[in-house]
Each structure stands twice: as structure tokens, then as C-alpha cells.
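1. Sequence and predicted structure are below.
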Amino acid sequence: MPLRPLPALRLVLAAPFVLLLAACTKGDPAPAAEATPPAPASPRSAIFLHPDGMGANTWMATRLMFVGPDGRLAWDALPRVALYVGPTAEAVNQSSNAGATTHAFGVRAKLDSFGMIDGKVPVAASGKAMSLMREAQAAGKKVAVFNSSTLAEPGTGAFLASVRERKDAAEIVSQVLAARPDIALGGGETHFLPKGVMGRHGEGSREDGRNLVEEARAAGYTVVFTREELLALPPEAGRVLGLFAHEETFNEVDEDTMREQGLPPFQPQAPRFDEMLAFILERFRGAPNGYFIVGNEEATDNLSGENNAPATLEAAIGADRAIALAVAEAKRDPGLTVIVASDSDNAGLNATSDDLDELPRPLPDRTAVGSPLSSDKGEPFLTPPDRDGHRIPFYLTWASDSDSAGGLVARGMGPGAVRLEGTIDATEVYKALYLGLFDTSLD
């Protein structure tokens with residue numbers, strides 16, 4: 001058995017050697033070792049994902065449908081959690097444009113606000129009369145917006161445009177393009193083209209004669225119209241404008257119409273929400289001054305407004321795939337803040353197994369009290385297996401077809417997400433993103 005030197009003996013023998021070395025070098029010091037420079041801090045960046053209309057109940061239904069009672073979504077991996085309270089100045093709930101204005105400026109908006117309040121661009125919580133994205137852009141950060149609906153949709157549009165009327169889509173997209181984001185991806189080609197001009201997805205609707213597709217190209221944008229064209233672009237493509245549908249990239253109809261017409265929830269020529277984020281991240285990764293990305297999944301809101309459960313949940317799991325990309329990026333990049341929040345719980349989707357044994361087959365279209373009921377063609381949905389291998393039957397019910405205030409949750413990770421704690425006002429989303437982007441706390 002080999003002998004091991006005793007630790008105490010090693011220390012005793014080492015001490016004289018250290019003293020002798022010090023004596024021999026006295027008066028002729030060895031050059032000091034060069035200190036290793038600290039690794040440069042990651043530039044501050046932020047991703048804000050807005051799966052519109054998704055309350056905690058919709059996330060529960062998504063979990064049950066796709067990963068089962070014991071499974072976990074990417075949304076569940078976001079460590080910071082807060083209850084989100086989002087009244088407007090005159091209502092207990094947000095509209096999409098009011099919520100987006102609150103997120104973009106950090107101030108409480110009115111239901112008709114779209115980057116404006118009472119006809120004026122508001123002074124943001126930072127003290128500047130500009131949106132958070134405009135401020136990030138002014139600081140030299142790359143900026144991008146992407147939307148499963150049109151680029152006039154407020155979830156992204158209010159970060160770059162300010163108008164008196166939400167319906168003024170032509171003016172909204174004009175301002176979005178004039179703001180010169182590095183990347184803008186979504187639907188709404190019709191709002192970029194004049195009446196009488198045919199685009200890739202249909203006829204234009206602009207009354208002012210402007211052709212914003214041509215203007216975008218003249219301004220240095222590469223314009224693409226399909227998923228294949230987007231994914232074929234090289235990393236050095238520069239500024240990119242994607243127009244993937246005439247209006248929305250999804251088919252906004254109820255469940256019966258979708259089934260009868262054989263329509264998919266999403267139009268096949270358009271990239272999905274997660275694919276758009278992956279494209280942007282590939283081009284923004286390593287940006288020297290950081291970046292700010294805002295993405296709005298509108299299908300979760302509009303399809304829930306149609307009480308179309310399968311399509312709503314298909315949109316929801318697509319949003320969750322995008323969250324998975326953002327989580328992975330934040331784990332790689334300590335300077336990245338990820339915030340996920342919705343400003344409304346649309347239509348009150350809920351999952352339940354209650355009284356299944358007492359309900360007739362096929363399952364009815366409505367509950368005993370009249371609430372719309374969604375099932376799998378008259379049979380209960382079945383969860384993926386739980387930890388014991390059981391697939392649990394359930395059905396889905398709807399409370400309404402419009403926005404409501406309850407069940408909202410904000411989640412996040414990264415430097416700015418420390419502000420997500422307890423119960424927060426909608427304005428806190430802006431402050432969390434601001435902290436993440438600029439390392440500055442607004443109180």
C-alpha cells in the first residue's frame with residue numbers, strides 16, 4: 001500500500017522553502033503576474049412575449065392537453081412569478097391597444113389608447129416622451145417586432161406607432177416602417193399596398209397610394225412573404241420585413257366552421273410564432289449593444305374569442321415553444337431579461353372533469369347553465385399519461401367571448417425579472433423590461 005505524505009509534515013517542510021525563496025529574491029522582485037482581465041459583461045437585452053388573452057386557466061388547459069397533469073411547460077420554467085393586475089383608467093380590464101400602450105410606456109392607459117393617451121404621446125415612466133422600444137433603439141440596441149396577426153396589431157404596433165384610432169392600420173404600419181426596426185415580421189400585407197395593387201397574398205387596401213413594400217426595399221429592407229423565403233435568408237441579410245398573410249397568419253373562425261371548411265388553425269405559408277423568434281435570435285445574438293424584441297401571439301386571443309378550443313390551444317403551445325427558445329437564450333446570456341405576460345384573460349377558458357359520468361354521450365355543446373362546452377368530437381379530451389400512466393378525461397368550458405380581468409400572471413427570468421413579485425400593476429412590466437435593458441430601477 002503506497003504511503004501518503006502527512007498534511008502537517010508537508011506544511012512544515014514548505015514553510016522554510018517559502019522563507020528561503022523570499023530571501024533569495026529580496027531586492028530583485030520578480031515581475032508581478034498580469035491580472036486576468038474580467039470577462040466583459042454581457043450587454044443588456046430583453047425579450048417581451050405577449051401571448052394575448054392567456055390567463056392562468058388557459059395555461060392550465062394547455063398543460064393538460066399537451067404534457068399532462070404532471071408535465072411542465074416552458075412557461076413553468078420561468079422562475080419569477082407575479083399576479084398581474086391591469087385595470088385601465090376607466091375599466092377593470094384592458095383592451096389590446098390599452099394594454100400594449102401600458103407595456104410600451106409604463107403608464108396607465110385608457111381603453112382607446114394606441115401609443116397615445118388623450119391624443120398625445122405620453123411621457124413614459126422613464127421621463128421621456130417615447131416608448132421603451134424607441135428608447136432602446138436610441139441607445140443603439142437592435143430592435144425587432146413579430147406578430148402572428150398584422151403588423152398593425154397593437155401588441156407590437158404600440159411600441160413603434162402612436163395613433164388616435166386603432167382601426168387606422170395604414171397609418172400604424174406607416175409609422176412602424178418609418179421607425180426602422182431591424183426586423184419586423186407578421187401579417188397584414190394589405191395595409192402596405194395601395195388599392196388596386198395585387199400583392200403575394202391579395203389586394204392592397206391603402207387609400208393614400210403609397211406602396212410601403214417598395215418603400216421598404218428602397219430603405220434597405222429585404223422583404224419576404226413566406227416561411228420558406230424567411231428561413232432561406234442568410235444571416236447577413238440586414239433589415240428584414242416579413243409579410244406572411246393578407247391579414248392574420250391564422251384562420252379566425254369558430255370550431256365548427258374550421259372543421260366544416262377543413263381549415264388549419266394557421267395558414268401554411270406563414271412561419272409560426274416560435275419560428276419567427278428563432279429567426280430574430282439568430283441575427284441578434286452577439287449584438288454589441290444588446291437588443292429588445294417584442295412578440296405578440298394574437299391567435300390565442302382571437303381564436304379564444306371564437307370559442308375555438310383546439311385552435312386556441314394549438315396557438316398556446318406555439319407560444320410556449322417560443323418561451324422555450326427565450327429561456328434557453330437567457331440561460332446562455334446572463335444579460336438577457338425575459339418577461340412573459342398577457343393583459344387579458346379572453347373568454348374564460350377552463351378545463352374540468354366534473355360530472356363526466358353524468359353527462360350524455362356525445363357530450364353536449366353547452367353545460368346545464370348554458371356555457372359553451374368544447375370536447376373531442378363529442379368525447380372527452382384525454383391528457384397525456386400522468387405519473388401513474390393514466391390518461392385523464394376532461395372537457396373545456398367558456399365563460400364569454402371577450403376580454404376579462406381575472407387570472408393573469410406575469411413570469412420572467414434574468415436581471416429585470418426581479419421586479420416580478422407578489423401582485424403587480426400592469427405598469428410593472430415596463431419597469432422590469434427597463435431594468436433589464438438599462439440596469440436602471442424606476443420607482
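-> That came in fine, so what should we check first? Everything quoted here is computed from the prediction, not taken from an experiment.
2. Give me the three-state assignment for residue 102.
-> helix (DSSP: H, G, I helix; E, B strand; the rest coil).
3. For it, give me its contacts.
-> By Cβ atoms under 8 Å, 6 or more residues apart in numbering, the residues touching residue 102 are 86, 88, 94, 108, 109, 343, 426, 427, 429, 430. Where you see a C-beta, it was placed from the backbone N, CA and C, and this is true even at glycine.
4. redo that, cut-off 7 Å
-> 108, 109, 426, 427 (Cβ atoms under 7 Å, 6 or more residues apart in numbering).
5. could I get the residues you listed as a markdown table with neighbour count?
-> Output for the contacts of residue 102, formatted as a markdown table (neighbours: other Cβ atoms under 10 Å):
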| residue | neighbour count |
| --- | --- |
| 108 | 19 |
| 109 | 29 |
| 426 | 25 |
| 427 | 17 |
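6. Tell me the one of these nearest residue 141?
-> Among these, residue 427 lies closest to residue 141 (Cβ to Cβ), at 21.5 Å.
7. Name the nearest residue to that closest one, ignoring sequence neighbours.
-> The shortest distance from residue 427 to any non-neighbouring residue, by Cβ to Cβ, 6 or more residues apart in numbering, is to residue 106 (5.0 Å).
8. How many neighbouring residues does that neighbour have?
-> Using other Cβ atoms under 10 Å, residue 106 has 25 other residues around it.
9. quick one: it from residue 208, how far?
-> 32 Å (Cβ to Cβ, to the nearest Å).
10. What of residue 129?
-> 26 Å.
11. more neighbours, those two?
-> Set residue 129 next to residue 208 and count neighbours by other Cβ under 10 Å: residue 129 wins out with 13 against 10.
12. For that one, give me the backbone phi and psi.
-> When quoted as degrees, to the nearest 10, the phi and psi of residue 129 stand at phi -80, psi 60.
13. That one: what's it in contact with?
-> 121, 123.
14. Just the pLDDT for it.
-> As predicted, residue 129 sits at a pLDDT of 97.
15. got it, and residue 236?
-> According to the model, residue 236 scores 87 on pLDDT.
16. Next one: it from residue 426, what distance?
-> For residue 236, the distance to residue 426 (Cβ to Cβ) stands at 39 Å.
17. any idea which of the contacts of residue 102 is closest to residue 388?
-> residue 426 (40.3 Å).
18. residue ranges for the strands of the stretch 151-300 of the chain, please.
-> 183-187, 222-224, 240-243, 291-297 (DSSP state E, counting those that start in this stretch).
19. If you count contacts, what does the second one end up packed against?
-> Strand 222-224 sits against helix 212-218, strand 240-243, with contacts defined as 3 or more Cβ pairs under 7 Å, 6 or more residues apart in numbering; DSSP states H and E.
20. Quick one: closest of the strands of the stretch 151-300 of the chain to residue 257.
-> strand 183-187 (19.5 Å).
21. Provide the contact partners of that closest one at residue level.
-> Looking at what lies outside strand 183-187 - Cβ under 7 Å, 6+ apart - the contacts are 144-147, 149-151, 176, 239-245, 247-249, 270, 276, 280, 283.
22. quick one: which of the residues you listed sit in helices?
-> The helices, defined by DSSP state H, take in 176, 276, 280, 283 from those.
23. With mean pLDDT and distance to residue 390 added, can I get the strands of the stretch 151-300 of the chain in JSON lines?
-> Shown next, in JSON lines, are these (pLDDT from 0 to 100; distance: least, Cβ to Cβ, whole Å):
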{"stretch": "strand 183-187", "mean pLDDT": "98", "distance to residue 390": "41"}
{"stretch": "strand 222-224", "mean pLDDT": "98", "distance to residue 390": "46"}
{"stretch": "strand 240-243", "mean pLDDT": "98", "distance to residue 390": "43"}
{"stretch": "strand 291-297", "mean pLDDT": "98", "distance to residue 390": "31"}
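24. Out of these, the one nearest residue 367 is which?
-> strand 291-297 (28.0 Å).
25. how near is the residue nearest the centre of the chain to residue 74?
-> By Cα atoms, centre = their mean, the chain has its centre lying nearest to residue 49, at 1.3 Å. With distances taken as Cβ to Cβ, residue 49 is found 10 Å from residue 74.
26. Tell me the residues that contact both of these two, please.
-> residue 323.
27. check contacts around the nearest residue to residue 396 once chain neighbours are set aside.
-> The spatial neighbour of residue 396 that comes closest, neighbours along the chain excluded (Cβ to Cβ, 6+ apart), is residue 374 at 4.2 Å. Taking Cβ under 7 Å, 6+ apart, we find residue 374 in contact with 255, 309, 395, 396.
28. Please name the nearest non-neighbouring residue to residue 250.
-> Using Cβ to Cβ, 6+ apart, the closest residue to residue 250 is residue 299 (4.2 Å).
29. what angle do the longest strand along the chain and strand 183-187 make?
-> Counting by DSSP state E, the longest strand found in the chain is strand 142-150. Here strand 142-150 runs at an angle of 0 degrees relative to strand 183-187 (axes from the mean of the first three to the mean of the last three Cα atoms, to 10 degrees).
30. Noted, bye for now.
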